[in-house]
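A.B. asks: Kindly return the folded structure for what I paste below:
(one chain, ligands or ions: 1)
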Amino acid sequence: MLEQDTYKDKGARRQLVNELREKGIIDEKVLDAIHRIPRHQFIHKDFRSHAYLDKAFPIGEGQTISQPYTVAFQTQLLHIEKGDKILEIGTGSGYQAAVLIEMGAELTSIERQEKLYHKTSKLLKAMQYEAALILGDGSKGYEASGPYDKIIVTAGAPRVPESLLQQLKVGGILIIPVGDSKVQTMHTIIKKTDGSVENITLSQFRFVPLIGNQAW
Ligand code: SAM
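C.D. replies: Have a look, this model is predicted:
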């Protein structure tokens with residue numbers, strides 16, 4: 001099931017990392033993880049030769065593997081420490097999950113598309129990435145494993161789901177793109193000791209929609 005990781009792939013990854021640095025990614029731990037992970041394993045073989053371009057690609061079921069810059073941007077905002085308990089919403093191809101695991105996260109990741117859930121579960125296992133993968137609606141979070149140090153949403157939401165705020169620890173960080181179907185603004189939300197939240201808005205992105213009970 002796994003493709004070879006060639007010298008050409010490794011060289012292409014080095015170039016991708018340089019490109020991400022030029023685009024403003026400065027967290028060396030994020031760049032190291034991207035350098036180590038064979039992104040071509042997460043992409044359909046038709047796109048094999050483009051795996052290290054800074055581009056999103058279709059992964060089936062009308063979904064996409066996010067652009068490496070977007071993965072790096074969101075991951076950098078999480079300020080990951082080894083052992084952080086993280087919830088990812090939108091497992092998709094599993095690439096973002098691999099980045100988080102490589103960085104030492106204790107990961108729970110939830111996906112609503114059954115086919116993707118099964119395919120990605122097999123792939124991550126074959127690559128020896130350990131995570132609790134859940135099939136379900138992540139717009140409600142996943143209370144059973146919470147509360148979380150960090151939550152990352154990798155699909156565009158119409159608003160910040162209340163459940164996600166509830167499942168975040170005090171001092172925790174939630175990264176979520178919020179907007180309409182065409183464009184979303186990245187939000188960093190920090191839960192303070194008094195239970196209030198600080199909401200910082202950043203640049204704009206374009207994600208597939210977050211579909212569910214507390215979403216579209
Ligand atoms: N993190 C993914 C990756 O590295 O490939 C990105 C995948 S894609 C941009 C977003 C994913 O979110 C899709 O796989 C989609 O099916 C999933 N999704 C959308 N709404 C969801 C929901 N309510 N709960 C869980 N997953 C959801």
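A.B. asks: and L135, how many neighbours?
C.D. replies: By other Cβ atoms under 10 Å, the residues close to L135 number 14. C-beta coordinates here come from the backbone N, C-alpha and C atoms, glycine included.
A.B. asks: and the residue nearest to it when sequence neighbours are not counted, what element?
C.D. replies: Distances taken as Cβ to Cβ, 6 or more residues apart in numbering place Y117 nearest to L135, at 4.4 Å, with adjacent residues excluded. Of the helices and strands defined by DSSP states H and E, Y117 is found in helix 114-126.
A.B. asks: Which elements pack onto the one helix or strand Y69 maps to?
C.D. replies: Y69 belongs to helix 68-78 when elements are defined using DSSP H and E. Judged by 3 or more Cβ pairs under 8 Å, 6 or more residues apart in numbering; DSSP states H and E, helix 68-78 is in contact with helix 7-22, helix 28-36, helix 95-102, strand 148-153, strand 168-179, strand 184-191, strand 197-205.
A.B. asks: Of those, which is nearest the ligand?
C.D. replies: The minimum distance between the ligand and the helices and strands packed on helix 68-78 falls on helix 95-102, with 3.4 Å, by Cβ to the nearest ligand atom.
A.B. asks: right, is that closest one up against the ligand?
C.D. replies: Yes - residues of helix 95-102 contacting the ligand under Cβ under 6 Å from any ligand atom: Y95, Q96.
A.B. asks: Excluding sequence neighbours, find me the nearest residue to the residue nearest to the spatial centre of the chain.
C.D. replies: With distances taken as Cα atoms, centre = their mean, Q96 lies nearest the centre of the chain, 3.8 Å away. Spatial nearest neighbour of Q96, excluding adjacent residues (Cβ to Cβ, 6+ apart): V71 at 5.2 Å.
A.B. asks: Could you check how many residues crowd around that neighbour?
C.D. replies: That count, for V71 with other Cβ under 10 Å as the rule, works out to 27.
A.B. asks: for it, what are its contacts?
C.D. replies: By Cβ atoms under 8 Å, 6 or more residues apart in numbering, the contact list for V71 reads I34, Y95, Q96, V99.
A.B. asks: Mind doing that once more with 10 Å?
C.D. replies: The contact partners of V71, taken as Cβ atoms under 10 Å, 6 or more residues apart in numbering, are 20, 25, 30, 33-34, 37, 39, 54, 56, 65, 95-96, 98-100, 152, 154.
A.B. asks: cool, and L107?
C.D. replies: 84-88, 91, 96-98, 100-101, 124, 129-133, 145, 148, 150, 152.
A.B. asks: Just the buried ones from those?
C.D. replies: 84-88, 91, 96-98, 100-101, 124, 129, 131, 133, 145, 148, 150, 152 (16 or more other Cβ atoms under 10 Å).
A.B. asks: Can you tell me the closest non-neighbouring residue to E114?
C.D. replies: L135 (6.1 Å).
A.B. asks: swap in F207?
C.D. replies: G156 (3.7 Å).
A.B. asks: repeat for S139
C.D. replies: With Cβ to Cβ, 6+ apart, the residue lying closest to S139 is G212, at 3.4 Å.
A.B. asks: Quick check: which ranges of this protein have low pLDDT?
C.D. replies: When residues are selected by pLDDT under 70, none of them lie in the chain.
A.B. asks: how about the residues of it that lie near the ligand?
C.D. replies: Counting by Cβ under 6 Å from any ligand atom, the chain sits next to the ligand at 63-66, 89-90, 92-93, 95-96, 110-113, 116, 137-139, 154-155, 207-208, 210-212, 215.
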